[in-house]
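Participant: Okay, sequence plus prediction incoming.
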Amino acid sequence: MLNVKARAVNSPDSDFYATEITRRDLDKNDILIEIKYAGICHSDIHTAHGEWGPVHYPLVPGHEIAGIVKEVGSDVSKYQVDDRVGVGCMVDSCGECEHCKNGEEQYCTKGMVGTYAGTDRYGEPTQGGYSTHIVVHEDFVLRIPDNISLDAAAPLLCAGITTYSPLNHWKAYEGKNVAIIGMGGLGHMAVQIAHAMGAEVTVLSRTLSKKEDGLKLGASNYYATSDESTFEQLTNSFDLIINTVSANLPLDDYLKLLRLDGTLVNVGAPAEPVSLRVASLIGHRRSFAGSAIGGIRETQEMLDFCSEHNIKPQIELISADQIDEAYERVLSSDVKYRFVIDTSTM
């Protein structure tokens, strides 16, 4: 067993505090990773605050992990010491159901094991990347391309794949008109990825404060949703809309922006129930859907795609002592566009 430094919370309203957690001894297919950087995701905040259901405290969040392999189990064949690797939102699944066999472990019928706030195959609670080391089965470790720095790679393991997967599934390729709701950590990745896939990209944001950034990252158009004329002007405009925000939006207004057979996909997950009028779907055979991260195979594909197209998140590097402040700033939309913890400051 290995004792490692970490940052944890012990209740929904707790500040983060320095602590030590135990990582298991390596099984034959396990990898010990020295974590160099860990991104902060809005999901971390929801979970730490107990907004998505009961949480086993103390909790160490973090599922955007980038680091270096320090040790491998006896049967590990995919990685070796000193490899540059990452870990995303899950660290295990049953491996036997139809979805796991199809490379979509995120939809495991028995439930994938989350990187934190889950229960591993040994019956122990999982603890995440706000720590200096983690032990993960080799099948849930990703290879980070050499031309992506580790600090920039970390947010790709959630923000990158969470947006890549629906854009890929709904084929946001050349000839498609795609709108991205929100210009935050997820949104700024979705803009870059959709643009690289060949789609014409429009950002729908509450204000125009980030318009310059959106256009630089690949958007052709940028509209303020606080302006009611936006919804009239863009009616029947898009083949696909990716909603990256966790707020409870007026879905009917956004559904009317879809063309015939268009789809609105939620990747942001509001804590409260949402509502819509079925007539908003029926009129133009529109669809309302959701999407959860991506499987390991698709996540590696995303990393290689970002490497090929020079896609990187815009990050602000922070120390472990700044996590509470970073959470507050995320909630007030005061970040461009992803906080990343330098774990050497643990």
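Facilitator: Structure's in. What do you need? Numbers count the residues shown, from 1 in each chain.

Participant: Would you agree E138 is in contact with D83?
Facilitator: No: E138 is beyond contact range of D83, at 10.6 Å (criterion: Cβ atoms under 8 Å). No exception for glycine: its C-beta is placed from N, CA and C like everyone else's.

Participant: which stretches of the stretch 1-150 of the chain form helices?
Facilitator: For the stretch 1-150 of the chain, the helices defined by DSSP state H, counting those that start in this stretch occupy 42-48, 98-101, 150-153.

Participant: can I get the CA coordinates of the last one in PDB?
Facilitator: What follows is helix 150-153, C-alpha atoms only, in PDB (Å, rounded to 0.1, in the frame of the first residue of the first chain):
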ATOM      1  CA  LEU A 150       0.800  17.300 -19.800                       C
ATOM      2  CA  ASP A 151      -0.900  20.300 -18.300                       C
ATOM      3  CA  ALA A 152      -2.900  20.900 -21.400                       C
ATOM      4  CA  ALA A 153      -3.700  17.200 -21.800                       C
END
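
Participant: Can you show me the strands along the stretch 1-150 of the chain?
Facilitator: 2-8, 17-23, 30-39, 65-72, 84-87, 90-92, 113-114, 133-137, 142-143 (DSSP state E, counting those that start in this stretch).

Participant: Columns mean neighbour count and distance to D252 on top of the ones you listed, output as CSV?
Facilitator: Output for these, formatted as CSV (neighbours: other Cβ atoms under 10 Å; distance: least, Cβ to Cβ, whole Å):
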stretch, mean neighbour count, distance to D252
strand 2-8, 20, 41
strand 17-23, 15, 44
strand 30-39, 25, 33
strand 65-72, 22, 38
strand 84-87, 24, 39
strand 90-92, 23, 33
strand 113-114, 20, 32
strand 133-137, 23, 42
strand 142-143, 18, 38
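
Participant: Pull out the buried positions in stretch 318-325.
Facilitator: Buried positions in stretch 318-325, judged by neighbour count with 16 or more other Cβ atoms under 10 Å: I318, A320, Q322, I323.

Participant: Using a markdown table, lay out those together with pLDDT.
Facilitator: Formatted as a markdown table, the buried residues of stretch 318-325 follow (pLDDT from 0 to 100):
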| residue | pLDDT |
| --- | --- |
| I318 | 98 |
| A320 | 98 |
| Q322 | 98 |
| I323 | 98 |
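
Participant: Could you tell me which of the residues you listed belong to helices?
Facilitator: I323 (DSSP state H).

Participant: between the buried residues of stretch 318-325, which is closest to A18?
Facilitator: For the buried residues of stretch 318-325, the residue nearest A18 by Cβ to Cβ is A320; the value is 7.4 Å.

Participant: how much space is there between that closest one and P313?
Facilitator: Here A320 is placed at a distance of 20 Å from P313 (Cβ to Cβ, to the nearest Å).

Participant: what does G95 give?
Facilitator: Distance, G95 to P313, by Cβ to Cβ: 30 Å.

Participant: repeat for T47
Facilitator: Distance, T47 to P313, by Cβ to Cβ: 21 Å.

Participant: now E96
Facilitator: In terms of Cβ to Cβ, E96 sits 34 Å off from P313.

Participant: tell me the angle of the helix or strand where A196 lies relative to strand 30-39?
Facilitator: Element membership for A196 (DSSP states H and E) is helix 185-197. Helix 185-197 and strand 30-39 are oriented at 100 degrees to each other (axes from the mean of the first three to the mean of the last three Cα atoms, to 10 degrees).

Participant: Which other helices and strands does helix 185-197 contact?
Facilitator: Packing partners of helix 185-197 (3 or more Cβ pairs under 8 Å, 6 or more residues apart in numbering; DSSP states H and E): helix 159-169, strand 177-181, strand 200-205, helix 211-217, helix 296-309.
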